[in-house]
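A.B. asks: Need coordinates for the following:
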Amino acid sequence: IVAVPHAINVTLHERSNINVTRDIVPVAGLYTGTFAMLVNPSLPVKSVPEFIAYAKANPGKINMTSSGAGNLSHLSGELFKMMAGIDMVHVPYKGAVLAHTGLMAGEVHVMFDAMTSALPHIRSGALRALAVTTATRSKTLADIPTVAESVPGYAVSSWLGVGAPPGTPADVIDKLNHEINVVLADPAMRARFADLGSEPLTGSPADFGRFIAAETEKWGKVIRATNMKPDYDRAAANPASGCCRRAAGTGRAETTPAGSPSRPPAGSARPRTGHGGPCPRPVRRTARIP
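C.D. replies: I've put the predicted structure just below:
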């Protein structure tokens, strides 16, 4: 199975011995998935243009969360920051469930996340979807605009496909590709994808190879532009100096000096970092509405 993390890791984990564009033969795509731009309903914005204006009026005061540093949730936000020209602080959580909880609790302000996990919270009103990240509107949330309608050129999708080891005979690759595309063309399969906010990713092995190469280059540019480093580089932070967290726009570990005066609002939990537990000391910024 080949997925977007493989494309991200080509640049993010340069020391890795595996390179998806070199060491995996593309067979066929399976599907692309929609992400949504989510905010806490208490944030006084109801559209992407309003959010951008609000962020520019409050530079460095907006906390952007993700389900983990260096994953697609994180990079989607970094790409948005770059293209919208705004400043947000990245506060990663360990997984989407904790990130959703933090967003609903008001610990953080915004998140880019897969529609499959966010949809129940959108429909219940616990989270507000400002936009979807795909180039076209989602059939599942047809009344929600795309980010690209306000930030031209912005497009993000999760995706999944099938690869094979180098040296796999071409006729085997072609046979697998044909059978996968037959399944993806089944109306019941397409309907199920639509229910999940996804679309079949059909095409030849060469098509899938070009798709992987384009995704690898796209996310490589974001990683290099933000000087993002792998999650394990966080270990370089000195725990004695304060709580580790991600520096805004860099992905590097940063420490908050002990004794920082900033504290979370009374009665609220402290934001969690990528290590999965509550910070032992207050983080520099809290998610009070600016």
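A.B. asks: can you pull out the strands in the stretch 151-290 of the chain?
C.D. replies: If you assign secondary structure with DSSP state E, counting those that start in this stretch, the strands in the stretch 151-290 of the chain sit at 157-164, 198-200, 242-246, 253-257.
A.B. asks: Same question for the stretch 1-150 of the chain.
C.D. replies: According to DSSP E, counting those that start in this stretch, the strands that the stretch 1-150 of the chain contains are 2-3, 25-39, 63-66, 89-92, 110-114, 128-132.
A.B. asks: Please identify the residue most distant from the middle of the protein.
C.D. replies: Centroid-distance maximum for the chain: residue 171 at 35.9 Å, with C-alpha atoms, centre = their mean.
A.B. asks: I'd like to know how far the spatially most central residue of the chain sits from residue 25.
C.D. replies: With distances taken as C-alpha atoms, centre = their mean, the residue of the chain nearest its centroid is residue 73 (1.3 Å). In this structure, residue 73 and residue 25 are separated by 28 Å, where distance is defined by C-beta to C-beta, to the nearest Å. For glycine as for every other residue, the C-beta is placed from the backbone atoms N, C-alpha and C.
A.B. asks: same thing with residue 39?
C.D. replies: Counting by C-beta to C-beta, the gap from residue 39 to residue 25 is 41 Å.
A.B. asks: These two: who's more crowded?
C.D. replies: Set side by side, residue 39 and residue 25 show more neighbours around residue 39, with 21 against 18, by other C-beta atoms under 10 Å.
A.B. asks: The more buried one pairs with what?
C.D. replies: When bridges are called by DSSP bridges, residue 39 pairs up with residue 110, residue 128.
A.B. asks: give the contact list for the closest residue to residue 121 other than its chain neighbours.
C.D. replies: Beyond its immediate neighbours in the sequence, the residue positioned closest to residue 121 (C-beta to C-beta, 6 or more residues apart in numbering) is residue 127, lying 4.2 Å away. For residue 127, the set of contacting residues under the criterion of C-beta atoms under 8 Å, 6 or more residues apart in numbering consists of 38-41, 100, 103-104, 118, 121.
A.B. asks: pLDDT weak spots in the stretch 151-290 of the chain?
C.D. replies: 231-290 (pLDDT under 70).
A.B. asks: How about the contacts made by the closest residue to residue 62 other than its chain neighbours?
C.D. replies: Closest residue to residue 62 in three dimensions, ignoring its sequence neighbours and counting by C-beta to C-beta, 6+ apart: residue 88, at 4.5 Å. Contact partners of residue 88, counting by C-beta under 8 Å, 6+ apart, are 55, 60, 62-64, 77, 81, 109-110, 248.
A.B. asks: same thing but at 10 Å, please
C.D. replies: Contact partners of residue 88, counting by C-beta atoms under 10 Å, 6 or more residues apart in numbering, are 55, 58-65, 77-78, 80-81, 108-110, 248-249.
A.B. asks: just how off-centre is the longest helix along the chain within its chain?
C.D. replies: Longest helix in the chain by number of residues (criterion: DSSP state H): helix 205-226. Centre-to-centre, helix 205-226 and its host chain are 15 Å apart (C-alpha atoms, centre = their mean, to the nearest Å).
A.B. asks: Check stretch 33-44 too.
C.D. replies: Counting by C-alpha atoms, centre = their mean, stretch 33-44 is centred 12 Å from the centre of its parent chain.
A.B. asks: Start and end of that stretch, how far apart?
C.D. replies: Its first and final residues considered, stretch 33-44 spans 28 Å by C-alpha to C-alpha, to the nearest Å.
A.B. asks: pLDDT averaged over it - what is it?
C.D. replies: When the per-residue pLDDT values of stretch 33-44 are averaged, the result is 96.
A.B. asks: Show me which residues of that stretch are buried.
C.D. replies: Along stretch 33-44, these residues count as buried under the neighbour rule (16 or more other C-beta atoms under 10 Å): 33-40, 43.
A.B. asks: now stretch 95-102
C.D. replies: With burial defined by 16+ other C-beta under 10 Å, the residues of stretch 95-102 counted as buried are 96, 98-100, 102.
A.B. asks: same thing with stretch 206-213?
C.D. replies: Taking 16+ other C-beta under 10 Å as the neighbour-count basis, stretch 206-213 is seen to contain the buried residues 208-209, 211-212.
A.B. asks: just stretch 81-89 next, same as before
C.D. replies: Judged by neighbour count (16+ other C-beta under 10 Å), stretch 81-89 contains these buried residues: 81-84, 86-89.
A.B. asks: Before I go, just wanted to say thanks for your time.
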